[in-house]
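S.K.: Please find the sequence and the predicted model below.
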Amino acid sequence: MSASQYADLSAEEILALRKEYLMPNHAMYYKKPIAIVEGKMQFLYDSTGKEYLDAIGGIVTVSVGHCHPYVIEKTKDQIDKIQHTTCLYLHPNIVKFAKLLASKMPSPDLKQTFFTNSGSESNELAILMARLYSGVPDILALRNAYHGDTVGTMSAGARGVFNSAYEPLLFEVGRIPFPKAGHEQATLDALEVACSQKEAAAFICEPMP
Ligand SMILES: Cc1ncc(COP(=O)(O)O)c(C=O)c1O
């Protein structure tokens, strides 16, 4: 397949435009970045038409694969009708979806949903709810954690590259060592010690390092 079927700009041209017009805050993988321009289910395609197998089907927070026909069909149906309203108005789909989600939960107590737009926003909300519920401002998190790019989730995160310019953080974070394969007990022990030493609203931990 020819590259032009995939993108009208080469990776080099995209990179040059990105440097000129986008803020430089986001790091890129690879010295020679690839331009991912198409996706189909578990596959991704770069601007030269090269195929890649996407082992997590998206990013950690949206792992539904790429351009699944069902998702595309439903998205197009909705966009044809109305793209956006706010929660100030009623819409049938949000309540139908919340009801469907409730039916999948392991307990009838987990019935109500607060929908968010991104992983960062979900984590912000989770931390906020834990703080409101516990009355404790601080949290526990893993060393080297990543929880998003908002100020609160950067505070919970621990990557120097994200945090250096943001200190002081929004709250104190007790750091737990990353679980290493075969040494998970060390993390559990550290968590127990941290919980006995410091009050924390929550322990936040991503499922995949
Ligand atoms: C573990 C984890 N938490 C939070 C986020 C942030 O999600 P978003 O980019 O949707 O705000 C990501 C994004 O990749 C993530 O991998």
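M.R.: Received, thanks.
S.K.: center of this structure - which residue?
M.R.: Note on the chain: the residue nearest the mean C-alpha position is Gly119, at 3.4 Å, using CA atoms, centre = their mean.
S.K.: how much space is there between the residue lying closest to that one once chain neighbours are set aside and Thr153?
M.R.: Spatial nearest neighbour of Gly119, chain neighbours left out: Thr61 (3.3 Å); criterion: CB to CB, 6 or more residues apart in numbering. (Each C-beta comes from the backbone N, C-alpha and C, glycine too.) Using CB to CB, to the nearest Å, Thr61 is found at 11 Å from Thr153.
S.K.: of those two, who's got more company?
M.R.: The neighbour count for Thr61 versus Thr153, taken as other CB atoms under 10 Å, is higher for Thr153 (25 against 14).
S.K.: Which parts of stretch 145-161 count as buried, going by neighbours?
M.R.: 145-148, 150, 152-158 (16 or more other CB atoms under 10 Å).
S.K.: Need the max-distance pair from those.
M.R.: Thr150 and Ala158 (15.0 Å; CB to CB).
S.K.: And stretch 167-184, end to end?
M.R.: One end of stretch 167-184 sits 30 Å from the other (CA to CA, to the nearest Å).
S.K.: ok, now stretch 48-61?
M.R.: 27 Å.
S.K.: Let's see stretch 68-79 as PDB, backbone CA atoms only.
M.R.: Output of stretch 68-79 as PDB, limited to C-alpha atoms (Å, rounded to 0.1, in the frame of the first residue of the first chain):
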ATOM      1  CA  HIS A  68     -14.200  -1.100  15.800                       C
ATOM      2  CA  PRO A  69     -17.200  -1.100  13.400                       C
ATOM      3  CA  TYR A  70     -19.700  -1.200  16.200                       C
ATOM      4  CA  VAL A  71     -18.100   1.800  18.000                       C
ATOM      5  CA  ILE A  72     -17.800   3.700  14.700                       C
ATOM      6  CA  GLU A  73     -21.500   3.000  13.800                       C
ATOM      7  CA  LYS A  74     -22.800   4.200  17.200                       C
ATOM      8  CA  THR A  75     -20.500   7.200  17.200                       C
ATOM      9  CA  LYS A  76     -21.600   8.300  13.800                       C
ATOM     10  CA  ASP A  77     -25.200   7.800  14.600                       C
ATOM     11  CA  GLN A  78     -24.900  10.100  17.600                       C
ATOM     12  CA  ILE A  79     -22.800  12.700  15.900                       C
END
